[in-house]
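Participant: need a 3D model of the following:
(one chain, ligands or ions: 1)
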Amino acid sequence: MGVLDIRVEGDPVLRQRAKRVRRVDGQVQALIADMFETMHAANGVGLAAPQVGISLRVVVVEIPPDMDDEPGAGVKLALINPEIVRARGEEIGEEGCLSIPGFVGMVRRAAEVTVRGLDAQGKPCQIKGKGLLARALQHEIDHLDGVLFIDRVEPGTLRSADSPERELAATPEEASG
Ligand code: NI
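Facilitator: Residues are numbered from 1 along each chain as shown. Below is the predicted model:
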């Protein structure tokens, strides 16, 4: 399949609670491969299955390796049925979303999270992240519950991105997913 269409705000699939994956099979693995391709094509750092029209609890996150100040730089992961089991601290940072092109805003998130789920092979796994990785995990897991960053944006901080290219760029200040 390859690069999939990214659904944008107003598409009802983005507001549904996604279903748990019952069995990690070839179809789910193909979806994950397509989600990585789609995310790369859009220069995002994360993507959730509902954003490509599939209402299943699957997310991918990839923090570019060249982000020197990011503790999660170089992390690439797919998570199935992810759950935040621990959250610590608080951080406000700028976010964008591939499903809300052209906008960014400040969002308050936990500074550090531990997430449990299944990996692409269906094996239980646990990921601990802070910084952009923690932010991306929380943003993507929100998508599985039909929550968009504009629902959480700090009042008065939603604004047009400087340019569409910048909004889609994976920078620490503007995590698009
Ligand atoms: Ni998003």
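Participant: which parts of the chain are strands?
Facilitator: Using DSSP state E, the strands assigned to the chain run over residues 46-48, 58-62, 76-88, 91-96, 103-109, 112-118, 124-130, 159-160, 175-176.
Participant: right, and those strands - which one's nearest I150?
Facilitator: I150 sits nearest to strand 103-109 of all the strands of the chain, at 6.8 Å, using C-beta to C-beta. Yep, even glycine has a C-beta here, placed from its N, CA and C like the rest.
Participant: quick one: average pLDDT of that closest one?
Facilitator: Mean pLDDT, computed over strand 103-109, is 96.
Participant: CA atoms of that strand as CSV?
Facilitator: The C-alpha trace of strand 103-109 is given here as CSV (Å, rounded to 0.1, in the frame of the first residue of the first chain):
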residue,chain,number,x,y,z
PHE,A,103,-1.7,25.3,13.2
VAL,A,104,0.4,25.0,16.4
GLY,A,105,-0.3,25.6,20.0
MET,A,106,1.1,25.2,23.5
VAL,A,107,0.0,22.0,25.3
ARG,A,108,0.6,20.9,28.9
ARG,A,109,1.8,17.3,29.1
